[in-house]
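> Fold the following.
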Amino acid sequence: MKRVTGTLQIAATYIGTIVGAGFASGREIIQFFSQYGPAGTAGVIVSGILMTWIGTKMMLYARRIEAWSFNELITHLLGMRFGTLIETLLFFIIFGMTGVMLAGAGAVFQEQLGWSRHVGVALTILTGLFFLLKGVRGLLWMNTLVVPVMAGFMLLVFFIGSPCAGSGQLTPQADWVLSGVGYAAFNMLTALVVLVPLAQEIRDEKVLGAGCLLGGAGLTGLILLEHFLILGNTGVTLFDMPVAELIRPFGPALHLVFVAVIFGEILTTFTGNLFGLARQLESLFPAVFTPGRALLSLTAGALLIGQAGYSSLIATLYPLYAALCAAVFLYFGLIRLPEKTP
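Okay, the predicted model is just below:
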């Protein structure tokens, strides 16, 4: 029973670390998949296979070399000079994403609830820091609670169907393969900053591998569900939060539940990012950054980035991040796993 619980917790954290405001709102799925129409479905499959395969491989690799942080894993794989370059790039990418999460929290409260955006930002920061004070187990349990709710919600909407329709414009192109690879690279590479420290907390390699495989499969299924929902209601592509518009016709109660789901996904990504980035700072500058000082410094910086608009941040930063991460991500697929230690 303990193994089953551990596997489910890892799977939920694997999913929760990758999906965030961009996924839950639908904006990210349109950007990388749904804008290509039915061809985007193949892009989801390509992306899902890559994320599951390479993500599981890198988690097992980190476990076997006992990498305490992503810095140690990347230095081991790429050497000190090139590893430092990639570490620096990814640090600022994930730092930017953390700011996007705060912008998303503000947008949810302002656009969907009519409240001040500052309420959403403050609630995200306070709740995230609360869970981080609980350590890695707090992160595991938070994802274990949020991810199943989101999955159930998406299934409900998918099978009931949404009365929302429209004639939004899709732009089928031949770029769906590159887009699928880019999505996998961007999301998996940045998620490893959070997942590598987690690998050292799980002593049973079978539990770790099973959790990653289950998480990758579950993530692919969730992306497909949302992609199909958007393809069936292309009018929602005109909105900043497309999936929220799919939910709105069901009434205020269900809409409010979905807003809570979006906020939960923002919170899991924000908290996971802070956890991984703080580990990096502590590893690189142990004399300067205590855990508390690292968390507070990162939160203050993310707050500054989050002052920009949510939609504009996703449209500008995410495709750029995908292109920057693709080469390193595909290189990881060629690396052989080290021998398993007894």
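> Following element in sequence after the helix or strand containing residue 245, please.
Residue 245 belongs to helix 242-247 when elements are defined using DSSP states H and E. Downstream of helix 242-247, the next assigned helix or strand under DSSP H and E is helix 252-284.
> for that next one, the distance to its chain's centre please.
Relative to its parent chain, helix 252-284 has a centroid offset of 9 Å by Cα atoms, centre = their mean, to the nearest Å.
> Can you find the helix or strand in the chain with the smallest mean pLDDT?
helix 136-160 (a mean of 69; mean pLDDT, DSSP states H and E).
> All the helices of the chain, residue numbers only.
Counting by DSSP state H, the chain has helices at residues 2-18, 21-25, 27-32, 39-65, 70-78, 80-107, 117-133, 136-160, 176-199, 205-232, 242-247, 252-284, 291-305, 310-334.
> Of the ones you listed, which stretch is the most buried?
Using mean count of other Cβ atoms under 10 Å, the stretch among those with the largest mean neighbour count is helix 21-25, at a mean of 28. Heads up, the C-betas are built off the backbone N, CA and C, glycines and all.
> And residue 66, its phi and psi?
The phi and psi values for residue 66, taken as degrees, to the nearest 10, are phi 60, psi 50.
> Roughly how far does it sit from residue 338?
11 Å (Cβ to Cβ, to the nearest Å).
> just residue 78 next, same as before
From residue 78 over to residue 338 (counting by Cβ to Cβ), the distance is 15 Å.
> start to end distance for stretch 239-249?
15 Å (Cα to Cα, to the nearest Å).
> which residues touch it?
With Cβ atoms under 8 Å, 6 or more residues apart in numbering as the test, stretch 239-249 has contacts from 24-27, 30, 107-108, 111-112, 157, 162-164, 226, 229-230, 233, 235-236, 254-255, 258-259, 262, 310-311.
> State the mean pLDDT of it.
Mean pLDDT, stretch 239-249: 78.
> what's the average pLDDT for stretch 214-233?
pLDDT averaged over stretch 214-233 gives 89.
> what's the answer for stretch 265-278, then?
Mean predicted lDDT for stretch 265-278 stands at 81.
> Output it as CSV, nothing but the C-alphas.
In CSV, the C-alpha atoms belonging to stretch 265-278 read as follows (Å, rounded to 0.1, in the frame of the first residue of the first chain):
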residue,chain,number,x,y,z
GLU,A,265,-2.6,24.7,-10.8
ILE,A,266,-1.0,28.1,-10.6
LEU,A,267,-0.2,27.4,-6.9
THR,A,268,1.4,24.0,-7.6
THR,A,269,3.6,25.3,-10.4
PHE,A,270,4.5,28.5,-8.4
THR,A,271,5.4,26.4,-5.3
GLY,A,272,7.3,23.8,-7.3
ASN,A,273,9.3,26.4,-9.1
LEU,A,274,10.3,28.1,-5.9
PHE,A,275,11.3,24.8,-4.3
GLY,A,276,13.6,23.9,-7.2
LEU,A,277,15.1,27.4,-7.6
ALA,A,278,15.8,27.8,-3.9
